[in-house]
Structures are given as structure tokens and as C-alpha cells.
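Colleague: Predicted model and sequence below, questions to follow.
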Amino acid sequence: MKRLNWKVKLVITIIGAISLVVAVLYLVTYLFFSAQLKRNDEKIAQMNFRQAEENLEQIIKLGIRDANRYDMDMMAWTFGNREFEGDSQRTALTRKMILRFEEILAINPNLSAAAQMNGDGETVIASVSKNRTGITQVSEELRAVLEESTKIYPAFQWVPGDVLGEDEVLSKAVEEPAVLGIRSIGRSGRAEEDSFIILSISEERIRRCYESVVYNGSQAVLLDENNRVISSTKEGLLYQEFEPEKDCRIVVYPLSYNNWTMVNMIPVKNYQKEIRTFRNFSLVIILTAAVCVIFIAVIWSRRYTSPIQNLMDNMEKVGKEQLDITLPERTGLCELDNLNREFCETVRKLKMYIADLQQAEKDKAAEELKALQYQINPHFLYNSLNSIRWMAMMTNNIKVADSIVMLTRIITPVFRNPSLTWKIRDELEFIDNYIGMMMLRYSGSLEYKMECREDLKEESFPRFVLQPVIENCFVHCRNKAEDMKIRVAIDKTEAGFVIEVRNTAEYAEEERLAQVTEQLRNTKEASGEDVGLYNVVKRLRYLYGEECSIILFREKNEVVSRISFPEKPS
């Protein structure tokens, strides 16, 4: 099975990540909106409840005000105490009471009826539709209400209108569903002996106080302290014990008086419809945004993956030993462009390093070939020199014989000791023999001086370092017949060895000395006259690393060659 390209994997990863983020955002937004919608419903209901509470309280207060005014009228006490003589006085009092009740109904349109009833059931009532007098049969339920009214005097007790029954004088006068307010007029403490003022507020008038709570298909009810429905916006619930409907959210608001409670029943399907509308709208927005983000992500991923792919292609070429790579075009992404550039630069340096190694191998092979071409058997050379020496002695040419002996001493270390280092004592002996040979070669007088402490002569020292430097003194001599002075000083410091070769025979300008020093510092191929110094610095750096140096400078009438290198080889 073919594996997916890494770029395809990247795009899939980006799309998957975006989809996951979108799903999480949608879920969080959906849950938040649902909770917020519920809170808003409750806030709106609570706000409407407060307004309904104020409206309903105002209606009740107005009714209580009118009842208090009637209570202060003597005819209420006269009727309650039955202080009249004969039927004519009773009839006149009843008419005055009805007129007074009609005035109350005219002043307060919130009331549908007003009445006074004695504890034995004698009743006078005026309503918006009819006026009646007579005896009301006090049921057990109504008796209990009257008893409670005497206990809470002077407060009103508000009860559902069904406590009157159906055949009583009061119920026939009131007719419509209502809420009754009952208060004791006397203070006997017994319902049979007291008289009561009764106010009737129609259920429809009470319902209008809280109809603003109803919205979005909800239903509202008003409950008394016994959890009975005394008013409802939904038919069939009046005077029943309240049971919450299924699939409805219930918002409860307790009133500050009469132990009443307002309840709003909001169908779940109605506010879920709003949630579904929001959900669908959100899905459209989120999916549109997701498509845009994915489109942008694909474009950006291609922009990012292109330089990465170029880098991978170049790395694959390098892995196959194909070092001829080209720097890709700039994409404008600094980090990736720098990465490609640095990799190409590294490969270029690697290619140059390999080329240098290959050239070094070629140079080494050429040197070995030259060495083979010019190799001379050491024994043949020794035997030949000894033969020449004996021939010189036989002809009594002592000077030639001594020269051959000195030459033999010079070349013997070259052939017999292949080591790269020896003791300083050996180097000094070699230089003494070399100076002796050069004194035979040049006719002028030579003053030579070597300065080296005895404790340094057993130190390890690179071979043949001094000879090329001293040879320069003779090669650059201004006048072969002139007196020459050569002074060599070897010292050792904490940094390593320091050697100074001073001579008066060598002649060079400061500019020329600085040029040679710079060539030696950069280890560039020197000219024919300076090849000896070049070989010295090359061997020293091979043995001791880059800390080695040769500096040429003038000091008064002398040319100074200062050589420095560490104590131990690298």
C-alpha cells in the first residue's frame, strides 16, 4: 500500500485540527446560547412578574381602601349588630347599604361585587349585574374561611370564589369566577357573632395584571398558599391543584403578599425552535468560515511546504553523493529561506573540503613519486663519500677530506633518523656542522653565536627548523666577502618556544618583510627564495597546530626572524 505524501498528511492534519476546533466551538457556542436563552427567558419572566405583582397589589390596595371607608360607616355596624326595629327599618338600611356598595363599585371598576354578611348568613350584596339580599347557607368550607378571617383581623383573607358554592346568595350575585377578599368587621372573635365585608375581584381582571408574562406560547397561573389555581391564562385549570405540565420549563415567582405564587410554563419546543434557528445559522457561518480557513490553510501550507520539499530534495541528492545542488528561489519566508541557504552553503563548503582532500591526496602522491625518483641508497652515498675522502687524503688534500667528513655528518641524521623531532642538543650539533660547511663555501669572515640554556638542550625539538632560516642569511647576503654576523637565541616561555635568528648579512625592505610574513601567516605557496621558510612553517603547523608563526622584521641594522610554537605537539 502506497504511503501518503507528507504534504498530504500535513493538509489532512490541518483540516482535521480545524474541524475539531470548529466542532468544539460550535458545541460550546450551542450550549452557551441554550443556557443564555434560558436565563433570558427567566429574566424576562421575572421582570414581567414584578410588574404584574405591582399591578395586582395596586388593585388589592384600592379594594382594601374602599372596604376601610365602608367599615367606618355606622350602617355597617348597625347591620352587623342587628340594631334595627322592624322590617321597615331593615329594608331602609338594606337599601342604603346597596347604594353604598354601588358607589364603591362605581368608584373602583376593579371590583365586580361588594357585600356584607353576618355570621348567621344574612347577606346584602351589590354587583355589576344585580343586587341581592337574603340568607346565605354557610358551608363548612365557608365557615372555615370566616373563622380564619376573625383570627387575622384586621387583614383581608383572599380566597378562590368557589368557596361560596353554587346555590348561595353570594355566588348567584357574583356569577363569574372571582377572587374574594373577606375581612371581619366586628371583634368578637367568633364567626357566628361577627359580620364580614366581602369584596369580589373578577378572575379576568386579575388575569389582565399578569398577562404580559405570557409570551412565546407560554401559560401563566396564579396560585394561593394551598397550591390551588385562583387565576390562569389556560382554560380548565381554575380552582384545581396545580401540577406542572410535561415538556415545559417552569419559572416560579413568589409574591410578597397573601402567600401567592405566580408560575410561568414555557413549552420546551418553543424555545428549542429558537435554539434550532440559531444552530442552523451558526452552522452556516461556521462552515463558511471553516471552508475559508481551510482554503487559506492549504495555500499557506503549500507556501511553507515548497521550501521544505526543496530542502528534502537537496538532502536526498547529498545522500546519494550528488553535491551539485542549486539554491532554490526565495519564497519570502525568512526562516525557511535561511535554512535552505545555510544547507546549500554547508554543502558547498563540504564540496570544497572534499576537493581539498582530493588535491592533498594528489599532492601527496606527486611528492611520493618525486621522492622515489630522487631516492638515493644511503649506503651507496656513504661509501662514495668515503672513497672520495680517501682519494683526497692520498693526494694530501686535507681541506677536501675535512669537508667531506663534515658533509657526512650533516647528511647522516637525514637518512638514519626518520623521526620528526629530536633533542635541541642534536639540532645545535647539526647547525654547527652546517655553519662549518658554509664557512668553507664563503670566503668572508663569519661571526656565529648560539644562545641556549643548558637545561633546554634535553627538550624535544622539531628537526631541521633552524637550517632553512640560517640558509637565508647566506642566500640574501649583500656581499659575499663582507663580514657576517649571525646570532641564534633559543628560549622557552609559558606559551612555548621562542627562537630568534638575527643577521647583518641579509638585506630586505620593511615592505618585503611584511609581505613574506603575511604569506607565511596564510600558508600560501612562497616564491623560490622563501620556499625554505614556507616548508618550516608548514611542518610546524603540522606538528603543533595553528598557533605556530614566523615573523620577519628589521631592528636597527639587523633582520630578525622570530619563530614561535607551543611546547607539546597537537
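Modeller: Cool, the structure landed.
Colleague: all helices for the stretch 151-300 of the chain, in order.
Modeller: Under the criterion DSSP state H, counting those that start in this stretch, the stretch 151-300 of the chain contains helices at 169-174, 203-210, 268-319.
Colleague: Next: the stretch 1-150 of the chain.
Modeller: 6-71, 74-81, 86-107, 140-151.
Colleague: nearest to residue 359, of those helices?
Modeller: helix 6-71 (39.7 Å; C-beta to C-beta). Heads up, the C-betas are built off the backbone N, CA and C, glycines and all.
Colleague: hang on, the earlier thing: right, and the helices of the stretch 151-300 of the chain - which one's nearest residue 536?
Modeller: Proximity to residue 536 (C-beta to C-beta) singles out helix 268-319 among the helices of the stretch 151-300 of the chain, at 39.2 Å.
Colleague: Worst mean pLDDT among the helices of the stretch 151-300 of the chain?
Modeller: For the helices of the stretch 151-300 of the chain, mean pLDDT drops lowest on helix 169-174, to a mean of 64.
Colleague: re earlier: just put the helices of the stretch 1-150 of the chain in JSON lines and tack on mean pLDDT and distance to residue 134.
Modeller: Converted to JSON lines, the helices of the stretch 1-150 of the chain look like this (pLDDT from 0 to 100; distance: least, C-beta to C-beta, whole Å):
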{"stretch": "helix 6-71", "mean pLDDT": "79", "distance to residue 134": "20"}
{"stretch": "helix 74-81", "mean pLDDT": "84", "distance to residue 134": "14"}
{"stretch": "helix 86-107", "mean pLDDT": "87", "distance to residue 134": "10"}
{"stretch": "helix 140-151", "mean pLDDT": "85", "distance to residue 134": "15"}
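Colleague: Residue 459 is nearest to which of these?
Modeller: Smallest distance to residue 459 across these (C-beta to C-beta): 62.2 Å, for helix 6-71.
Colleague: and the angle for the closest one with helix 203-210?
Modeller: Computed by axes from the mean of the first three to the mean of the last three C-alpha atoms, to 10 degrees, the angle separating helix 6-71 from helix 203-210 equals 130 degrees.
Colleague: so how far is helix 6-71 from its chain's centroid?
Modeller: Here helix 6-71 is found 33 Å from its chain centre; the criterion is C-alpha atoms, centre = their mean, to the nearest Å.
Colleague: before we move on, the earlier item: any idea which of the helices of the stretch 151-300 of the chain gets closest to residue 122?
Modeller: Taking C-beta to C-beta, helix 169-174 is the member of those nearest to residue 122, at 9.4 Å.
Colleague: Look at residue 180 and say how many residues are nearby.
Modeller: Residue 180: 24 surrounding residues under other C-beta atoms under 10 Å.
Colleague: quick one, domains of the chain?
Modeller: Taking automatic domain parsing as the domain assignment, the ranges for the chain are 1-314, 323-374, 417-565.
Colleague: Any idea which of those gets closest to residue 404?
Modeller: Judged by C-beta to C-beta, the one of the domains of the chain that comes nearest to residue 404 is domain 417-565, at 10.5 Å.
Colleague: could the helices of the stretch 1-150 of the chain go into CSV alongside distance to residue 183 and mean neighbour count?
Modeller: Converted to CSV, the helices of the stretch 1-150 of the chain look like this (distance: least, C-beta to C-beta, whole Å; neighbours: other C-beta atoms under 10 Å):
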stretch, distance to residue 183, mean neighbour count
helix 6-71, 6, 15
helix 74-81, 11, 17
helix 86-107, 14, 15
helix 140-151, 6, 16
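Colleague: so which of the ones you listed comes closest to residue 288?
Modeller: Of all the helices of the stretch 1-150 of the chain, helix 6-71 sits nearest to residue 288, with 10.8 Å by C-beta to C-beta.
Colleague: Which strands or helices does the closest one pack on?
Modeller: Applying 3 or more C-beta pairs under 8 Å, 6 or more residues apart in numbering; DSSP states H and E, we find helix 6-71 packed against helix 86-107, strand 111-118, strand 178-184, strand 195-202, helix 203-210, strand 248-254, strand 261-267, helix 268-319.
Colleague: Mind checking what helix or strand follows the last one in sequence?
Modeller: For helix 268-319, the succeeding helix or strand toward the C-terminus, using DSSP states H and E, is helix 334-374.
Colleague: For residue 498, which of the helices and strands packed on helix 6-71 is the nearest?
Modeller: Here helix 268-319 is closest among the helices and strands packed on helix 6-71 (C-beta to C-beta), at 45.9 Å.
Colleague: Next one: residue 447 relative to residue 486, how far apart?
Modeller: Residue 447 sits 7 Å away from residue 486 when distances are taken as C-beta to C-beta, to the nearest Å.
Colleague: neighbour-wise, which of those two wins?
Modeller: The neighbour comparison of residue 447 against residue 486 (other C-beta under 10 Å) goes to residue 486, with 23 against 10.
Colleague: ok, that one - contacts?
Modeller: 435, 446, 447, 448, 449, 470, 473, 501, 502, 503, 505 (C-beta atoms under 8 Å, 6 or more residues apart in numbering).
Colleague: The third one reaches residue 503, doesn't it?
Modeller: No: with contacts counted by C-beta atoms under 8 Å, residue 447 stays clear of residue 503, the gap being 10.1 Å.
Colleague: pLDDT score assigned to residue 246?
Modeller: According to the prediction, residue 246 has pLDDT 81.
Colleague: For residue 24, see how far away it is.
Modeller: Note on residue 246: its distance to residue 24, by C-beta to C-beta, is 33 Å.
Colleague: Mind listing the shared neighbours of residue 447 and residue 503?
Modeller: Counting by C-beta under 8 Å, 6+ apart, the shared contacts of residue 447 and residue 503 are 484, 485, 486.
Colleague: Now name the helix or strand holding the second one.
Modeller: Right, residue 485. Taking DSSP H and E as the criterion, residue 485 maps to strand 484-492.
Colleague: Could you export that strand as PDB, CA atoms only?
Modeller: Only the C-alpha atoms of strand 484-492 are listed here, as PDB (Å, rounded to 0.1, in the frame of the first residue of the first chain):
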ATOM      1  CA  MET A 484      78.700  38.500   8.500                       C
ATOM      2  CA  LYS A 485      77.200  38.200  12.000                       C
ATOM      3  CA  ILE A 486      74.600  35.500  12.800                       C
ATOM      4  CA  ARG A 487      73.200  35.200  16.300                       C
ATOM      5  CA  VAL A 488      70.700  32.500  17.300                       C
ATOM      6  CA  ALA A 489      68.800  32.600  20.600                       C
ATOM      7  CA  ILE A 490      66.500  29.800  21.800                       C
ATOM      8  CA  ASP A 491      64.300  30.400  24.800                       C
ATOM      9  CA  LYS A 492      61.200  28.800  26.400                       C
END
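Colleague: ok, back up a step: derive a PyMOL selection command for the buried subset of the contacts of residue 486.
Modeller: Burial among those is assessed by 16 or more other C-beta atoms under 10 Å; the matching PyMOL selection reads:
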select buried, resi 435+448+470+473+501+502+503+505
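Colleague: Among the contacts of residue 486, which ones are in strands?
Modeller: 446, 447, 448, 449, 501, 502, 503 (DSSP state E).
Colleague: Let me know the closest of those residues to residue 359.
Modeller: Nearest to residue 359 out of these is residue 501 (C-beta to C-beta; 32.6 Å).
Colleague: Surely that closest one is in contact with residue 469?
Modeller: Yes: Residue 501 lies in contact with residue 469 (C-beta under 8 Å); the separation is 4.8 Å.
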